[in-house]
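Participant: what shape does this take:
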Amino acid sequence: MSESDTPHRPDPDPDPGPDPTATLPRPGRPEQVPLNALRVFVEAARWGSFKRTGQHLGLTQSGVSRHVATLEAWLGQPLFRRGGAGLSLTDAGRLYFDTVQDAMATIELTSQQLRSRMTGPSVLQVRTSLPSLAMAVLIPALSRFQQAHQVSVELTTSLAMPQADDAFDVLVTRDLNLGHAEQWHLAHEELVAVATPDQLRRWQHTPVQGWPLLVARSRPDVLAQWSRQQGTGAGAGALHIQAGFDHYFLAIAAALSGAGVLVAPSFLVASHLHQGLLAELPLERVRGEGSYLAFIHPRSTQPDPARAFCRWIKAELAASPPA
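Facilitator: Numbers count the residues shown, from 1 in each chain. Coordinates of the predicted model:
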């Protein structure tokens, strides 16, 4: 059985270091937390052994003991019980470890991610103000772009206007503008009314005014545009709103559950139509007023991969699966 397969048992520490049960000095303690000692304490609590902690951190066993004693002195109470059988956390030590270990893990992970951006393969930073587009179109297809172009993509969503010092390469948006940045037109919007096949059979012969409509509050303009262009004589105010949701990805989930009829940009529901999970109600699709754009950040260090991404997403939107 390999060492990694062996159940972990704390090693006895022949050099337990200073006795923390003695009165710990309080006067003259520095105000700042001894962060190096904190890191050593977290590792010692993880390993259950000063010896193994030292091997992991490149310290001597007595060096680990001194760091832990420094933190115990700063806190004014013991964190470990030392004994012939090894180390164990005191009640205060367990509480302290449970509190700080998640924060330490977050710091370590964030630092590794930042370091990998500087030393690892190129990463294209894509930002979008359209979370529903990200969920319905970008994320499901992203692996194809990454495989074709040998570049990793990190996708973030934000509704806020980008600031000059924000770090990203491409902005995909409908309602924001980067001014003089290089701009790509991605797609015009086409609006379609959809429901589950069961809901379709129930409502397809009913006037629009009777449909239980679902709406996305992030796009209050869509239903008014669609109603006006249908020419059915039903203004938006005459329609029955069954339920409202903050974003389209939530409204789509409701439509998939059979909660009602949804009017949405066609490419947000294209995959569900293609799979037969949703079906179109018998009215013409209409062209919406929304246009989807991509901007390349003027300070992007990867303009060529950024342009390749813009070409790719333009093609993805144009090739949305038919119903």
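Participant: quick one, helices of the protein?
Facilitator: 35-47, 50-57, 61-75, 91-119, 131-133, 139-149, 197-203, 220-230, 248-256, 266-275, 303-318 (DSSP state H).
Participant: elements contacting the longest one?
Facilitator: Okay, so that is helix 91-119. Packing partners of helix 91-119 (3 or more C-beta pairs under 8 Å, 6 or more residues apart in numbering; DSSP states H and E): helix 35-47. C-beta: built from backbone N, CA, C; applies to glycine.
Participant: what mean pLDDT does the helix it packs on have?
Facilitator: Across helix 35-47, pLDDT averages out at 90.
Participant: go ahead and name everything in contact with it.
Facilitator: With contacts defined as C-beta atoms under 8 Å, 6 or more residues apart in numbering, helix 35-47 is touched by 10, 50, 53, 56-57, 59, 64, 67-68, 70-71, 74, 79-80, 87, 89, 93, 96-97, 100-101, 104.
Participant: buried set for that helix?
Facilitator: By 16 or more other C-beta atoms under 10 Å, the buried positions in helix 35-47 come out as 37-45, 47.
Participant: if we can go back for a sec, would you turn the helices of the chain into TSV with distance to residue 159?
Facilitator: Shown next, in TSV, are the helices of the chain (distance: least, C-beta to C-beta, whole Å):
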stretch	distance to residue 159
helix 35-47	36
helix 50-57	43
helix 61-75	43
helix 91-119	23
helix 131-133	8
helix 139-149	18
helix 197-203	31
helix 220-230	15
helix 248-256	13
helix 266-275	17
helix 303-318	19
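Participant: so which of those gets nearest residue 281?
Facilitator: Closest of these to residue 281 is helix 197-203, at 6.2 Å (criterion: C-beta to C-beta).
Participant: mind listing what's buried in that closest one?
Facilitator: So, applying 16+ other C-beta under 10 Å, buried residues of helix 197-203: 199-200, 203.
Participant: quick one, what contacts the residue nearest the centre of the chain?
Facilitator: In the chain, the centroid-proximal residue (C-alpha atoms, centre = their mean) is residue 156; its distance is 6.8 Å. Residue 156 makes contact with 125-128, 168, according to C-beta under 8 Å, 6+ apart.
Participant: may I ask which two of the residues you listed are separated the most?
Facilitator: By the measure C-beta to C-beta, 125 and 128 form the most distant pair in these, at 11.2 Å.
Participant: picking that back up, in strands, which of the contacts of residue 156 fall?
Facilitator: 125-128 (DSSP state E).
Participant: if we can go back for a sec, let's have the contacts of residue 156 in TSV, adding distance to residue 280.
Facilitator: Shown next, in TSV, are the contacts of residue 156 (distance: C-beta to C-beta, whole Å):
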residue	distance to residue 280
125	36
126	30
127	32
128	26
168	36
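Participant: the bottom helix or strand of the chain by mean pLDDT?
Facilitator: None of the helices or strands of the chain scores lower by mean pLDDT, DSSP states H and E than helix 91-119, at a mean of 77.
Participant: buried sites along it?
Facilitator: In helix 91-119, counting by 16+ other C-beta under 10 Å, buried: 93, 96-97, 100, 104.
Participant: got JSON lines for those residues, with distance to residue 137 too?
Facilitator: What follows is these, written out as JSON lines (distance: C-beta to C-beta, whole Å):
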{"residue": "93", "distance to residue 137": "50"}
{"residue": "96", "distance to residue 137": "46"}
{"residue": "97", "distance to residue 137": "44"}
{"residue": "100", "distance to residue 137": "41"}
{"residue": "104", "distance to residue 137": "38"}
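Participant: nearest to residue 249 among the ones in strands among the contacts of residue 156?
Facilitator: Residue 249 has its nearest neighbour among these in residue 128, at 12.5 Å by C-beta to C-beta.
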